[in-house]
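Asker: I would like to see how this sequence folds:
(one chain, ligands or ions: 1)
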Amino acid sequence: MKIGFIGLGNMGGPMAANLVAAGHEVTGFDVAGVTVEGAASAGSAAEAARGAEVVITMLPNGEILRRVADEIIPAMTEGAVFLDCSTVDVDSARAVGEQARAAGLSALDAPVSGGVGGAQAGTLTFMVGGDEAGFTAAKPLFDIMGQKAVHCGPSGNGQAAKICNNMILGVTMIATCEAFALADKLGLSREAMFDVVSTSSGSSWSMNTYCPAPGVGPKSPADNDYIPGFAAELMLKDLGLAQQAAGAADADTPMGARAHELYRTFVEDEGGKGRDFSAMLPRFETRGRG
Ligand code: NAD
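Answerer: Numbers count the residues shown, from 1 in each chain. Coordinates of the predicted model:
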């Protein structure tokens, strides 16, 4: 398949490399001049998009996505698929979807979970919004870049699923970290805490799979000095998008709002930038109630 790939950063680079390795004809573009071995390099986003059956974007935010969409939609072939895998606000995803459909394209918003490791290994999960025909056309590419693709409904629903999932993740990670810090102060060993909670009603992915306490549970960034993994600033971004969507939809999300606030403070004022999002545990360890 002829594929245009725009945004070849930490995620987009390895995703594009996996498409090349599977035998697809990939033309890439990134403003930073990054290239991918085996892929052709275009001089602009429009050039990467021209003549492609599928154009994939993997960009930092909704504002940049809207700008790139303005540039590539007129260059794309009618009937082609515009597949955005970035994490962006629901409104931008829906606006770009609408603009693409009006130009006779199929549009999908397909944010991912699985991080850089999943992008490299081709084991991402895609949460997909958009039309059925586009989903069917893109399915072989999801199968190369990932292990699972869930069609969540019309345009924007992929982003909705992603931010709801990550809002739960942010809240449960904070709850797990504060509970470990409380358990420490109550004299409970971390091993006992993990053994009980991971098999009890307090269990969650944050506890069982990505335990924030070093030396306990399966290997996680906590065992590697909290090197990400999933960086705290990316969690902050996703919690911000969740709050933006909650505001627009008039949804009451007090736990999501508090998690957003805590991660903002952690990233901006407490040295959390560049650390894994589970480094909330050492943050709580050092604090009292005051
Ligand atoms: P990144 O910053 O490494 O990559 C983004 C790339 O886009 C950069 O190389 C940048 O030069 C390029 N870019 C910016 N503006 C451009 C433009 N106008 N035209 C072409 N290229 C442009 O970020 P990343 O970690 O690869 O994340 C990409 C997206 O994936 C984000 O939306 C992020 O939230 C999401 N995401 C990241 C992770 C993760 O663990 N890194 C996990 C899930 C989702």
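
Asker: Now for the closest residue to the ligand within the stretch 101-250 of the chain: which residues touch it?
Answerer: Closest approach between the stretch 101-250 of the chain and the ligand, counting by C-beta to the nearest ligand atom: Gly115, at 3.7 Å. Where you see a C-beta, it was placed from the backbone N, CA and C, and this is true even at glycine. Contacts for Gly115 (C-beta atoms under 8 Å, 6 or more residues apart in numbering) come out as Met11, Gly229, Phe230.

Asker: how does it look with 7 Å?
Answerer: Gly229, Phe230 (C-beta atoms under 7 Å, 6 or more residues apart in numbering).

Asker: next one: Val171
Answerer: Neighbours of Val171 in contact, by C-beta under 7 Å, 6+ apart: Met255, Gly256, Ala259.

Asker: got a markdown table for the residues you listed, with pLDDT and neighbour count too?
Answerer: A markdown table is the format used below for these (pLDDT from 0 to 100; neighbours: other C-beta atoms under 10 Å):
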| residue | pLDDT | neighbour count |
| --- | --- | --- |
| Met255 | 98 | 15 |
| Gly256 | 98 | 22 |
| Ala259 | 98 | 27 |
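
Asker: Which of the residues you listed fall in helices?
Answerer: Met255, Gly256, Ala259 (DSSP state H).

Asker: Show residues contacting stretch 54-61.
Answerer: Counting by C-beta under 7 Å, 6+ apart, 1, 3-7, 9, 11-12, 15, 49, 65, 68, 72, 76, 80-86, 88, 138, 141 sit against stretch 54-61.

Asker: For the stretch 1-150 of the chain, what lies in contact range of the ligand?
Answerer: Within the stretch 1-150 of the chain, the residues that sit near the ligand (C-beta under 6 Å from any ligand atom) are 6-12, 29-32, 34, 45, 58-60, 64, 68, 86-87, 112, 115-116.
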